[in-house]
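Chemist: Structural data only, the sequence is not supplied:
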Ligand SMILES: Nc1ncnc2c1ncn2[C@@H]1O[C@H](COP(=O)(O)OP(=O)(O)O)[C@@H](O)[C@H]1O
Ligand SMILES: [Mg+2]
């Protein structure tokens, strides 16, 4: 099966530069210099095995979010190779029409954005959590089961009918994570997940992520908070050294 090989994540010698901002100002002959000057990632490699919990650390602007966007196939490397579960992930595969590739990949990887507002769009917490399983075409009773499991796991019973956009930051984060975990992904990628969370919400997050790793699943997150790295006993990857 696609994506079932090992290791789970393999980024090999990745080079990456953003091209959108100001690219039009550059004379044609300077394109290579421009890319080299603006490279966010140069010869970046990372391997994550199944069942690992890995923390990406490093200063602002070093490329942590970019690495996560590449893993989630929201950006594609200029050079080097990315394999997920042994399967090469390329722009051609992901963007090809009539392909189940992108859908299958996005069921395997749950991406929790740094800003929950970019992730939450349903009228109620319950519908937000049901959205992924519904898109996957699961039968109704399984959807209900998954929603109830997530409501319990994240202590969301009192918020079930509430509009996600009206919740507090910590509540939004719990709903955002619940809404990707309800698809039962192999990998959770979380961008600065404890940013702005109080102690109680951080404790819920740590408990959930530990449980996820305990059943053999994989977690990759970026953070500036060393306490959560220790609480999760995460392997540390320092970027920019
Ligand atoms: N969409 C974008 N267009 C152009 N440059 C970007 C874009 N997103 C990020 N960058 C730049 O890429 C670099 C790495 O950013 P990022 O991956 O967000 O770093 P980190 O998450 O470690 O703070 C920064 O210099 C940032 O300004
Ligand atoms: Mg970032």
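Modeler: Okay, I see it. In this text the structure is predicted, and so the values were computed from the model without any measurement. Ligands and ions are numbered 1, 2, ... in the order given.
Chemist: And for the residue of the chain found nearest ligand 2, the neighbour number?
Modeler: Relative to ligand 2, the nearest point of the chain is residue 65 (3.3 Å; CB to the ion). (Each C-beta comes from the backbone N, C-alpha and C, glycine too.) Here the number of neighbours of residue 65 (other CB atoms under 10 Å) works out to 19.
Chemist: sec struct for it, please.
Modeler: Using DSSP: H, G, I helix; E, B strand; the rest coil, the structure places residue 65 in helix.
Chemist: ok, then the element right after the helix or strand of the chain with the lowest mean pLDDT?
Modeler: Within the chain, confidence by mean pLDDT, DSSP states H and E is lowest for helix 31-37 among all helices and strands, at a mean of 53. Downstream of helix 31-37, the first helix or strand assigned by DSSP states H and E is strand 39-48.
Chemist: Against which helices or strands is that next one packed?
Modeler: If you count contacts as 3 or more CB pairs under 8 Å, 6 or more residues apart in numbering; DSSP states H and E, strand 39-48 packs onto strand 9-17, helix 64-71, strand 79-84.
Chemist: which residues are in contact with it?
Modeler: Residues outside strand 39-48 that contact it (CB atoms under 8 Å, 6 or more residues apart in numbering): 7-18, 54, 63, 66-67, 77, 80, 218, 220, 237, 239.
Chemist: Check whether that strand comes near ligand 1.
Modeler: Yes - counting by CB under 6 Å from any ligand atom, ligand 1 has neighbours in strand 39-48: residue 40.
Chemist: Any part of that strand near ligand 2?
Modeler: No - on the criterion CB under 5 Å from the ion, strand 39-48 is out of touch with ligand 2, staying 11.0 Å away.
Chemist: Distance from the host helix or strand of residue 102 to the middle of the chain?
Modeler: Taking DSSP H and E as the criterion, residue 102 maps to helix 101-108. Here helix 101-108 is found 13 Å from its chain centre; the criterion is CA atoms, centre = their mean, to the nearest Å.
Chemist: which outside residues touch that helix?
Modeler: Against helix 101-108 from outside (CB under 8 Å, 6+ apart): 2-3, 72-73, 84-85, 89, 93-95, 136, 183, 185-187.
Chemist: Right, I'll call it a day here.
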